[in-house]
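Visitor: Just need the structure, nothing else, for what follows:
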Amino acid sequence: MTSTPSAHPAPTPEDLLRHLDSGALWPAERNDAAWPDLPTAYQAALAVRELRIARGERPVGYKIGFTNRTIWERYAVFAPIWGTVWDSTVSHADASGNGTLDLKALAQPRLEPEVVFGLRATPPRSATLEQVFDCVDWLAAGFEVVQSHCADWKFSAAETVADSGLHGRLLVGPPTPVRDLAATGEALDELLAGLGLRLWNGTRQVDEGVGRNVLDGPLHALLHFVQEIGQLPGAPELAAGDIVTTGTWTDAWPVQPGQQWRSEFDAPLQGLQVTFS
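Guide: Sure thing, here's the model as predicted:
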């Protein structure tokens, strides 16, 4: 049955934040018109962002979602989205690439192996690939735990945006200065696009991917994000010190406490190992 705005009022930013805090799913019957388009949904997400800042959380960067075209049809979302990463949701692995993440209060958590960039400057809004590269300080392997407050991961693109870009947790691996890997953006783009990845759950390999799955490469994903966020009214400006995780190289895999997962990238990128609690 199609829901109506009068029967199901649109969730307020406070409603969205309560679901984030509790891990509770949204109602099965929802207001289909709550967020009729992506710009409206981003304004809801930005309002939740302000609520989180007001209570003491600190934004430390961004996640880009749905950059992997190979899984668009599976989730019925056909363009990238973005959300905020917080000091309360990000952790850093040790020098060997080992870390832990707490799944408490996450809704239907799934794991995504990614590449994370650290910025040293604000990219121009109409940046080229080389200008984006000039603003990047380091890169690292990452594990993002995404979540959905829509049952069975069935949602619209606008709902994913209002749901804080599906972000739950982020583990960042040991950073490598990008200029240790490549002298230009074109060279780094080519390197990352060609790298392979294996994803392991314990001793079992469950998936594999390649860097070009992510909008033709993680640096291209970052370029897309820079251009997109610059066009959104009220969106924050990227800044030196921000981290940006660029999207999964594989499908997103369900995870639970007690499991240990590992990403194995082709050289020269160091992988990660995460234990969930």
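Visitor: the strands in the stretch 101-250 of the chain, which residues?
Guide: 110-119, 136-146, 167-172, 176-177, 196-201, 204-210, 243-245 (DSSP state E, counting those that start in this stretch).
Visitor: G99 looks like it's in a helix, true?
Guide: No: read with DSSP: H, G, I helix; E, B strand; the rest coil, G99 is strand and lies in no helix.
Visitor: bridging residues for it?
Guide: Judged by DSSP bridges, the bridge partners of G99 are V274.
Visitor: Can you give me the pLDDT of it?
Guide: According to the prediction, G99 has pLDDT 98.
Visitor: I am assuming it contacts L171, so please confirm or correct that.
Guide: Yes: look at G99 against L171 with Cβ atoms under 8 Å: they come within range, at 4.6 Å. C-beta here means a position set from N, CA and C on the backbone, and glycine is covered the same way.
Visitor: Those two: which is more packed in?
Guide: Taking other Cβ atoms under 10 Å, G99 and L171 do not tie; L171 has more neighbours (28 against 17).
Visitor: Could you name every residue contacting both of G99 and L171?
Guide: Common contact partners of G99 and L171 (Cβ atoms under 8 Å, 6 or more residues apart in numbering): 91-93, 143, 272, 274.
Visitor: of those residues, buried ones?
Guide: Buried subset of those (neighbour count, 16 or more other Cβ atoms under 10 Å): 93, 143, 272, 274.
Visitor: Adding pLDDT and distance to Q260 as columns, could you present these in CSV?
Guide: What follows is the buried ones among the shared contacts of G99 and L171, written out as CSV (pLDDT from 0 to 100; distance: Cβ to Cβ, whole Å):
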residue, pLDDT, distance to Q260
A93, 98, 13
F143, 98, 11
L272, 98, 11
V274, 98, 7
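Visitor: can you pull out the helices in this protein?
Guide: 13-22, 38-54, 72-75, 129-134, 157-162, 185-194, 218-229 (DSSP state H).
Visitor: Return the distance of the third one from the chain's centre.
Guide: Remark: helix 72-75 is offset 16 Å from the chain centroid, using Cα atoms, centre = their mean, to the nearest Å.
Visitor: how about it as CSV, C-alpha atoms only?
Guide: Taking Å, rounded to 0.1, in the frame of the first residue of the first chain, the C-alpha atoms of helix 72-75 are listed here in CSV:
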residue,chain,number,x,y,z
TRP,A,72,24.1,-0.1,-8.5
GLU,A,73,21.4,-2.4,-9.8
ARG,A,74,21.5,-4.6,-6.7
TYR,A,75,20.6,-1.7,-4.5
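Visitor: buried ones in it?
Guide: Buried residues in helix 72-75, defined by neighbour count with 16+ other Cβ under 10 Å: Y75.
Visitor: ditto for the longest one
Guide: Under the neighbour-count criterion of 16+ other Cβ under 10 Å, helix 38-54 has 38, 41-49, 52 buried.
Visitor: Pick the one among those residues closest to V226.
Guide: Closest to V226 out of the buried residues of helix 38-54 is Y42 (15.7 Å), distances taken as Cβ to Cβ.
Visitor: I figured the closest one hits D163, correct?
Guide: No: in this structure Y42 lies outside contact range of D163 using Cβ under 8 Å: 11.7 Å.
Visitor: then stretch 107-114 to PDB, C-alphas only?
Guide: In PDB, the C-alpha atoms belonging to stretch 107-114 read as follows (Å, rounded to 0.1, in the frame of the first residue of the first chain):
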ATOM      1  CA  ALA A 107      21.400  -1.100  12.000                       C
ATOM      2  CA  GLN A 108      22.100  -4.100   9.700                       C
ATOM      3  CA  PRO A 109      25.800  -3.300   9.500                       C
ATOM      4  CA  ARG A 110      27.800  -4.300   6.400                       C
ATOM      5  CA  LEU A 111      31.500  -4.000   5.600                       C
ATOM      6  CA  GLU A 112      33.100  -2.200   2.700                       C
ATOM      7  CA  PRO A 113      36.900  -2.200   1.800                       C
ATOM      8  CA  GLU A 114      37.900   1.200   0.500                       C
END
